[in-house]
Structures are given as C-alpha cells and as structure tokens.
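Participant: what follows is a predicted protein model with its sequence.
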Amino acid sequence: MTPADLDRFEAQKSIVGLANGERLAYLDLGRKDAPALVLIHGYTDSARDWLPVVPLLDTRFRLIIVDLRGHGRSDKPECCYTRFDFAYDVKLLLDALSIKRANIAGHSLGSLVAQTLAELWPSLTDRLILISSTGTSFDPAASLGATAATDWMQGVDALTDPIEPNSKFMRDWWHQSILINPQFFVERQERDAAAIPAHVWKAIGDQCIREADLGPMLKRVHAPTLIVWGSEDTLADAAGREALRKGIPKAQVRDFPRLGHDLFWQDPGAVAALMTQFLESAP
C-alpha cells in the first residue's frame, strides 16, 4: 500500500443523494454481476478502512463500500447518529443502486449497523459478517479500567472545533493504528477524523458507543452469520462477546489469536480468506 493507492481509492468514490435528503459517499468496485458485499467501517473511520482487503475480495464480489453519515465525504448533519439512522442510509443507498439483496459486513461501529440492517430488513440481507462486534455495548471501562475509560470519554466530550489532526488526543485515538500501519496511512486517518465536527464525535459516542442496547433485537437476525474477533481486542469485552454468541446462537464464530480490534489491518489475507470461504460456502 502506497500514498498513491490511497489517492486512487478516494478518487473512485461517488456521492448519491438519498431519499431521506442525505448525501452518502461510496465506492462500487468489482464485477457488477457478482454477489454484492456491503462493507461498513468503524467510528471516526471511513471506507478507506477496507482498502487492505479490497484486492482480495473484488475479483469475487461487487463491493459497495460506504462512508457512513458524519464520516469521510458523506454529509455531516446536526442529527441523528443512532445505529438505525446509519442503517437506513445504507438501505437507501442499496435502493438507489437497485440492489435487492446483499451480503453485509461491518467492523466495530459498522458491525452494529450491519446487525441492524439484518434485523430490520431480513429480505435484503443474504449473509452477515460481524467483525470486532459486541452484543451489549462497547465498554472501555470493562477492558481498560475506570481511569482509562474516563479519560476516553472525557477526551471526546471535551472536543471543540476545529479539531487538530496532530493533537495528543488524535495520537492517542489512533495509537493502535500507529503500531500496525504505515505513517502515511495513519496521517490520512488523523486528518479525516479531525474533519469530523465535534458534535458528530459526541453524538455517535452518546447514541451508538456508550448506551447501545443491542440484546433485545438480536433474535431478529435470521441470516447466516459469521462473528469474527481478535483475541487481543480490548473493546469487545467478554460479556459483549457472550451476549452476541447467545443472541445469534447459530452463528459461526472465529477468534484470531494475537490479533486485536483492527484485525483486518493486521492480517488482511487471513480475514479476507475467511470472509470469502463463509460467503461462498453452501447454505
């Protein structure tokens, strides 16, 4: 991966006006006659998250890779940022592209959006992949300890515009990415995250990350489901993992030893191979 790869990836984005008035940025890659696979990124990230696995998937699938509202080149409205708002945007995007049925994969926050799509629009969802997900909420206190969790919450709550890409807060926010990605990739991530207005950071944190109550609707997921975790993930805690396993009891589960929350950055080949095997396996 080079800076030129990032430029080419961004240049392939299109922007569509949705039926709800929002504008969503997305990429439509791969063969148009192949099964559709929607890829949904995490909190303060963008479609770029999936770049390491795109060359490993785009020969087999039609990839629809979104910038969620508030992120990347998509609109950043004052309201609203629940998982239902994100999911409805993606559903309207698929409507606009005349895609009647798709595989849905999400990472972190994106996994909550993917889960919501499968719950509310089962006829749209062929198969479901939840990466670094949870069945409760993402609770830093459970894995980082109360002091670290308080610092994380306070850091987001204290944000004001303009956000400085090179700030200590941003370096701390992307500390895992700094360890596993090239510097030019991390700099793009920091720059794009800093372009997200402070009110959007706070709204997503309040409406999706801290207080999400996911358990009651998990029973609505009927699509064949693959749950993927890294054994060293510090955001998807043991309680959240167990709740997700119990909530979708027939799901396949795969744990990758020595990988963390951003496991497809750490080992894109292994993650892409697992996704492909699951999506192409017999019912």
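Facilitator: Thanks, I have the structure now. If you're wondering where the values come from, they're calculated on a predicted model, not measured in any experiment.

Participant: where does the prediction get shaky in this structure?
Facilitator: By pLDDT under 70, the weakly predicted segments of the chain are 139-153, 211-212.

Participant: as a check, name the ranges of all strands in it.
Facilitator: Secondary structure of the chain (DSSP state E): strands at 14-17, 23-29, 36-40, 62-67, 102-107, 125-131, 225-230, 252-256.

Participant: which helices and strands does the first one pack with?
Facilitator: If I follow you right, that is strand 14-17. strand 23-29 (3 or more CB pairs under 8 Å, 6 or more residues apart in numbering; DSSP states H and E). Bear in mind the C-beta positions are built from the backbone N, C-alpha and C, glycine included.

Participant: mind checking the strands of the chain for the one nearest to residue 201?
Facilitator: For those, proximity to residue 201 was assessed by CB to CB; strand 62-67 is nearest, at 15.4 Å.

Participant: direction included, what does that closest one pair up with?
Facilitator: Applying DSSP bridges, strand 62-67 is found paired with strand 23-29 (antiparallel), strand 36-40 (parallel).

Participant: before we move on, back to that, just put the strands of the chain in a markdown table and tack on mean neighbour count and distance to residue 202.
Facilitator: Below are the strands of the chain laid out as a markdown table (neighbours: other CB atoms under 10 Å; distance: least, CB to CB, whole Å):
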| stretch | mean neighbour count | distance to residue 202 |
| --- | --- | --- |
| strand 14-17 | 12 | 25 |
| strand 23-29 | 21 | 21 |
| strand 36-40 | 26 | 21 |
| strand 62-67 | 24 | 19 |
| strand 102-107 | 27 | 21 |
| strand 125-131 | 25 | 25 |
| strand 225-230 | 23 | 27 |
| strand 252-256 | 15 | 32 |
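
Participant: columns distance to residue 244 on top of the ones you listed, output as JSON lines?
Facilitator: What follows is these, written out as JSON lines (distance: least, CB to CB, whole Å):
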{"stretch": "strand 14-17", "distance to residue 244": "31"}
{"stretch": "strand 23-29", "distance to residue 244": "27"}
{"stretch": "strand 36-40", "distance to residue 244": "16"}
{"stretch": "strand 62-67", "distance to residue 244": "22"}
{"stretch": "strand 102-107", "distance to residue 244": "13"}
{"stretch": "strand 125-131", "distance to residue 244": "7"}
{"stretch": "strand 225-230", "distance to residue 244": "6"}
{"stretch": "strand 252-256", "distance to residue 244": "9"}
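
Participant: for residue 96, what are its contacts?
Facilitator: Residue 96 is in contact with 16, 18, 19, counting by CB atoms under 8 Å, 6 or more residues apart in numbering.

Participant: apart from its neighbours in sequence, what residue is nearest the second one?
Facilitator: In space, not counting the residues next to it along the chain, residue 18 is nearest to residue 92; the distance is 4.2 Å by CB to CB, 6 or more residues apart in numbering.

Participant: burial count for the one you found?
Facilitator: Residues lying near residue 92 (other CB atoms under 10 Å) number 18.

Participant: ok, residue 164 next?
Facilitator: As a measure of burial, residue 164 has 10 neighbours, counting by other CB under 10 Å.

Participant: would you confirm that it contacts residue 173?
Facilitator: No - using CB atoms under 8 Å, residue 164 is not in contact with residue 173, being 11.7 Å away.

Participant: quick one: residue 50 from residue 205, how far?
Facilitator: To residue 205, residue 50 is 23 Å away according to CB to CB, to the nearest Å.

Participant: follow-up on the earlier one: closest one to residue 197 among the strands of the chain?
Facilitator: strand 62-67 (14.5 Å).

Participant: right, I'll leave it there.
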